[in-house]
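[1] What follows is a predicted structure for the sequence shown.
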Amino acid sequence: MATLGGMVSLWSLAVIAFERWLVICKPLGNFIFKPDHALACCAFTWMFALIASVPPLVGWSRYIPEGLQCSCGPDWYTTNNKYNNESYVMFLFCFCFAVTFATIVFCYSQLLFLLKSAAKAQAESASTQKAEREVTRMVVLMTGDHTLLPLEGLCGLQPCHLYVVFNKQFRSAMMKMLGMSGSDDEESSTSASVTQVSKVGPA
């Protein structure tokens, strides 16, 4: 379960980056990201996490006690055994780190380029400049979180924590889902209008 949570978290970071790229950069034109698409992304996240965490249960690598011997993790250490640990570790590195990291870097770099061009075109707009700073900070934190995630204990909650802390729209949606409403509603509507940078072209 710990491995599954970690894998879900890693893939969630990649899926969030992909969703932001689709919504803001609009590579598919006027594609609208609907609730069904969000559910499909969640399903893919769990499917990829299961692909990564189930193999040790069926003979490709294995789970062994680690740390204080009160939890288990994949066998990263043993080599030349019948479980083919080496190939499993390479699979995890390529599938769960390299692919997700490349997705995050590509999607957020495209988003930053678009936002910087919009900020340059609206140099006098304080709200656009603020949005650029906030998104840049979010990109740095999300990329850094992905890099450090395998070393963190609460890995399953990190993407949610980042978005609750730094994204007003996400925080407002979470509050509404819990049956609460706060002052973030007005701010989130302002943020929504600011982040539609794809509609702004350079002068």
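    Arrived safely. Residues are numbered from 1 along each chain as shown.
[2] from here on, contacts and neighbour counts on C-alpha atoms
    Fine.
[3] low-confidence ranges in the protein?
    The chain contains residues with pLDDT under 70 at 123-124, 142, 145-171, 174, 181-203.
[4] just the strands in this structure please.
    Along the chain, the segments classed as strands by DSSP state E run 63-66, 71-74.
[5] now for the ones you listed, which one comes closest to I32?
    I32 lies closest, by Cα to Cα, to one member of the strands of the chain: strand 71-74, at 39.5 Å.
[6] the helices in the chain, which residues?
    In the chain, the helices defined using DSSP state H lie at 2-20, 35-53, 85-92, 99-121, 126-148, 158-166, 168-177, 184-194.
[7] quick one: buried residues of the fourth one?
    Under the neighbour-count criterion of 16 or more other Cα atoms under 10 Å, helix 99-121 has 100-101, 103-105, 107-112, 114-120 buried.
[8] do the same with the third one
    For helix 85-92, burial by neighbour count (16+ other Cα under 10 Å) applies to N85, E86, Y88, V89, L92.
[9] How much space separates the third one from F113?
    Think Y88. 36 Å (Cα to Cα, to the nearest Å).
[10] before we move on, back to that, for the helices of the chain, which one ends up most surrounded?
    Most buried of the helices of the chain, by mean neighbour count (mean count of other Cα atoms under 10 Å): helix 2-20, with a mean of 22.
[11] What helices and strands are in contact with that one?
    helix 35-53, strand 71-74, helix 99-121, helix 126-148, helix 158-166 (3 or more Cα pairs under 8 Å, 6 or more residues apart in numbering; DSSP states H and E).
[12] out of these, nearest to C25?
    That would be helix 99-121 among the helices and strands packed on helix 2-20, by Cα to Cα, at 6.2 Å.
[13] Just want the angle from that closest one to helix 85-92.
    Interaxial angle, helix 99-121 versus helix 85-92 (axes from the mean of the first three to the mean of the last three Cα atoms, to 10 degrees): 20 degrees.
[14] packing partners for helix 99-121?
    Using 3+ Cα pairs under 8 Å, 6+ apart, helix 99-121 sits against helix 2-20, helix 126-148.
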